[in-house]
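# below are the sequence and a predicted model; questions follow.
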Amino acid sequence: MAKRIQFSKHGGPEVLEFVDFQPSEPGPNQVRVRNKAIGLNYIDTYFRSGLYPAPSLPSGQGTEAAGVIDAVGSDVTHLNVGDRVAYAGGPLGAYSEVHTLPAAVVVKLPDAISFEQAAASMLKGLTVQYLFRQTYELKRDEVILFHAAAGGVGLLACQWAKAIGAKLIGTVSSPEKAAKAKALGAWETIDYSHEDVAKRVLELTNGKKCPVVYDGVGKDTWATSLDCVEPRGLLVSFGNASGAVTDVNLGILSQKGSLYVTRPTLATYATADTLQAMADELFGMITSGKLEVEISQRYPLSEAAKAQTELSARRTMGSTILLP
């Protein structure tokens, strides 16, 4: 038997249960990982709340962790028992001491990357990789807007943009978060609690706006984000931290300047053919010192509900991890 977090009904953090369970033996194309550190992400709250449907109930929680393989399926040839690995996809259930999942979503972890670093950066770092390197190939000297710049994804984005030479304007909710974002590479910050974001973007870009806006917040920032995109520019809506964007009027894209909008997901970009290469680029950015993985909060696995409460209330900075 092992311990895991699960939910038997949708709702707030209070529906999360810390229970005993029997880890399954890996199928032919699966591996079983004994987790050493587990990542906490907004997408976890979407499944818990029912915004994203879980395949069945009761359901495990989480998709990101790092650990050591303790069993492999008969058809798996690229991974072995004892390998240090990390993952940021596959079936729900990463909030556990042991997790069985497809070998195709697991990557080898270099010795230079700790389990905690990997658990804190896999999903967030791969997200920044596809946002900056694939969804829109960010270029030197471009001025961009990135919402929630002091969050887990945001702080990695600040650093990655700086490494490219781009100028990232980050939205934040406090002076402390502004200071953190600027310390890690943001060119400028906008405190949306008392500043008009669209007006400040106009000022900072000398009236041009941004060729691309990255919005992981969703409902609360959708209209503002559209106002910050230059004509024929791109709005990348990659998350729903404040709720889903619904009832979109496509005519607004015409009115705002023939804008483009995309709603990408990691699963579309991190395929079996590309995942290890994307992870290797991320790990290289970390080992070279271009990315610092900021772990600001650590909780025991049993306190996952508390960790999600703090995340949803936007009282966290950087990444949060759970320790089994």
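That came through, no problem.
# centre-most residue in the chain?
Most central in the chain under CA atoms, centre = their mean is residue 124, positioned 3.3 Å from the mean C-alpha point.
# that residue touches residue 40, doesn't it?
No: counting by CB atoms under 8 Å, residue 124 stays clear of residue 40, with 10.2 Å between them. For the C-beta atoms, the positions are set from N, CA and C on the backbone; glycine is no exception.
# which neighbours do the two share?
Counting by CB atoms under 8 Å, 6 or more residues apart in numbering, the shared contacts of residue 124 and residue 40 are residue 319.
# residues contacting the nearest residue to residue 122 once chain neighbours are set aside?
Leaving out its chain neighbours, the residue that sits closest to residue 122 by CB to CB, 6 or more residues apart in numbering is residue 88, at 3.9 Å. Residues near residue 88 by CB under 8 Å, 6+ apart: 39, 63-64, 105, 122-123, 126, 266, 270.
# kindly report the same for residue 95.
By CB under 8 Å, 6+ apart, the contact set of residue 95 is 4-5, 38, 44, 60-62, 301, 304, 322.
# out of those residues, which is nearest to residue 136?
Set against residue 136, the nearest of the contacts of residue 95 by CB to CB is residue 44 (26.0 Å).
# contact partners for the closest one?
Residue 44 sits in contact with 61-63, 95, 308, where contact means CB under 8 Å, 6+ apart.
# and the strands in the stretch 151-300 of the chain, which stretches?
With DSSP state E, counting those that start in this stretch, the ranges of strands along the stretch 151-300 of the chain come out as 167-172, 188-191, 210-215, 229-237, 260-262, 295-300.
# those: which one's closest to residue 53?
Across the strands of the stretch 151-300 of the chain, closest to residue 53 is strand 229-237 (CB to CB), at 19.8 Å.
# make JSON lines out of the strands of the stretch 151-300 of the chain and add mean pLDDT and distance to residue 14.
What follows is the strands of the stretch 151-300 of the chain, written out as JSON lines (pLDDT from 0 to 100; distance: least, CB to CB, whole Å):
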{"stretch": "strand 167-172", "mean pLDDT": "98", "distance to residue 14": "29"}
{"stretch": "strand 188-191", "mean pLDDT": "98", "distance to residue 14": "32"}
{"stretch": "strand 210-215", "mean pLDDT": "98", "distance to residue 14": "29"}
{"stretch": "strand 229-237", "mean pLDDT": "98", "distance to residue 14": "29"}
{"stretch": "strand 260-262", "mean pLDDT": "97", "distance to residue 14": "35"}
{"stretch": "strand 295-300", "mean pLDDT": "94", "distance to residue 14": "16"}
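# can you tell me which of these comes nearest to residue 101?
Among the strands of the stretch 151-300 of the chain, strand 295-300 comes nearest to residue 101, with 22.3 Å by CB to CB.
# how far off centre is that closest one?
Centroid separation between strand 295-300 and its chain, computed with CA atoms, centre = their mean, to the nearest Å, is 16 Å.
# packing partners for it?
helix 115-130, helix 304-312, strand 319-323 (3 or more CB pairs under 8 Å, 6 or more residues apart in numbering; DSSP states H and E).
# looking at the ones you listed, which one is packed in the most?
For the helices and strands packed on strand 295-300, the largest average neighbour count (mean count of other CB atoms under 10 Å) is found in helix 115-130, namely a mean of 26.
# can you give the strand pairings for the next helix-or-strand element following that helix, parallel or anti for each?
Next helix or strand after helix 115-130 toward the C-terminus (DSSP states H and E): strand 143-146. Strand pairing for strand 143-146, determined by DSSP bridges: strand 167-172 (parallel), strand 210-215 (parallel).
# adding distance to residue 287, write these out as CSV.
Converted to CSV, the strands paired with strand 143-146 look like this (distance: least, CB to CB, whole Å):
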stretch, distance to residue 287
strand 167-172, 22
strand 210-215, 25
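# for residue 133, which of these is the nearest?
Taking the strands paired with strand 143-146 one by one with CB to CB, strand 210-215 is closest: 12.6 Å.
# and the nearest residue to residue 287 once chain neighbours are set aside, how far is that from residue 274?
Excluding its sequence neighbours, the residue lying closest to residue 287 (CB to CB, 6+ apart) is residue 112, at 4.8 Å. Relative to residue 274, residue 112 is positioned 22 Å away (CB to CB, to the nearest Å).
# now swap in residue 102 and tell me
Residue 102 is 15 Å from residue 274, by CB to CB.
# tell me which of these two has more neighbours.
Neighbour count, other CB atoms under 10 Å: between residue 102 and residue 274, residue 102 has more, with 18 against 14.
# tell me which residues form a beta bridge with the more buried one?
With DSSP bridges as the criterion, residue 102 is bridged to residue 30.
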